[in-house]
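# Show me how the following folds:
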Amino acid sequence: MHEIRNLILIPNTTKEIPASAIFSLTERLTAFGRRVGVLPEHRDYFVRAGESFSFVWNGEGVPEGETAALVLGGDGSIIEASHRLLGQNIPILGINYGHVGFMTGIEIGEAALLDRLFTGEYVIEERMMLDARVTDRDGGKRGAFTVLNDIVLTNGPVARLIAFDVFCDGVLIETCRADGMIFATPTGSTAYSLSAGGPVLDPSIAAVCVTPICPHTLSSRPVIFRGNSVLRIENIRSNNASVWLNADGREDLPIGTGDRIEISRSVHKTRLIRVREGGFLDVLRAKLSE
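Here you go, the predicted structure:
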């Protein structure tokens, strides 16, 4: 692999990350002669912390293949970074300051593993993403989203059933009555979908996991579709309940009568860096036993 020379630090500014931890990190990077960059929106954060940096990255000006992002936070922080870096082809290494850390590459206190970025001793894993497009009854565009984890159709704050038809490649799969439904990538299979009773998928495969939320029938169960399937949700209806689409837990769109949702594999991918030995199964065993 390429030797990483430029590192963009992306902290979760809502977390209590000790200034000493950031200082130790930047000191280690600069000691190896690396250029440390920050995003424009984080510039003041680093200035207030008294941290120095080499450049402010505005989306251009760093060599592809020699640049990576270091995300300080948990899985949610990596999701945010994946959206911020969408289409940039910059790999991400997460340093876990969160609670779960399925996607983070190293834990707090393992900064020595960063040295492997400078010797090419790392692996880049490409994670599948999904696109969701919402149109109204006349075919007009209402919203478009790209997600790393999941698209969720839900009844919002009102605990009432919603009903909808689910199609795969034009074939009706199910007419579902439930609190909602989760459309998860393999990466997202360890998130909300897992809590709703869905299976865990190896993130290296291409698939979509469809998990109903509290279905009102014993026959409605999670289903796994191949990665290039085109899923469609139509005839969305409710009894005086609001219906919402949520994308990666960060964007919401109210769904109206006659709206149609189409979900398919995205051309975009999130590239995650792995520097430790072992793979997904080791992480899964460790995280599920915590």
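
# Return the set of residues that bridge with residue 260.
Note on residue 260: beta-bridge partners residue 135, judged by DSSP bridges.

# does it really touch residue 134, like I thought?
Yes - counting by Cβ atoms under 8 Å, residue 260 touches residue 134, with 7.2 Å between them. Where you see a C-beta, it was placed from the backbone N, CA and C, and this is true even at glycine.

# the more surrounded of these two?
Using other Cβ atoms under 10 Å, the more surrounded residue of residue 260 and residue 134 is residue 134, with 23 against 18.

# got the contact list for the more buried one?
Neighbouring residues of residue 134 by Cβ atoms under 8 Å, 6 or more residues apart in numbering: 141-144, 245, 253, 255, 259-262.

# out of these, who's nearest residue 269?
Nearest to residue 269 among those: residue 144, at 17.5 Å, using Cβ to Cβ.

# Apart from its chain neighbours, what residue comes closest to the closest one?
residue 133 (5.1 Å; Cβ to Cβ, 6 or more residues apart in numbering).

# Quick one: mean pLDDT over stretch 88-103.
Stretch 88-103 carries an average pLDDT of 86.

# Bridge partners for the closest residue to residue 198 other than its chain neighbours, pull those for me.
In this structure, residue 198 finds its nearest non-sequential neighbour in residue 211, 3.7 Å apart by Cβ to Cβ, 6+ apart. When bridges are called by DSSP bridges, residue 211 pairs up with residue 182.

# any idea how far residue 180 is from residue 211?
To residue 180, residue 211 is 10 Å away according to Cβ to Cβ, to the nearest Å.

# neighbour count winner among these two?
Between residue 211 and residue 180, counted using other Cβ under 10 Å, the more crowded position is residue 211 (28 against 23).

# and the nearest residue to residue 157 once chain neighbours are set aside, what does it touch?
Spatial nearest neighbour of residue 157, excluding adjacent residues (Cβ to Cβ, 6+ apart): residue 242 at 7.5 Å. With contacts defined as Cβ under 8 Å, 6+ apart, residue 242 is in contact with 155-158, 254.

# Kindly recompute the last result at 10 Å.
Applying Cβ atoms under 10 Å, 6 or more residues apart in numbering, we find residue 242 in contact with 154-158, 160, 162, 254-256.

# try residue 37
In this structure, residue 37 makes contact with 6-10, 53-58, 61-62, 67, 69-70, judged by Cβ under 10 Å, 6+ apart.
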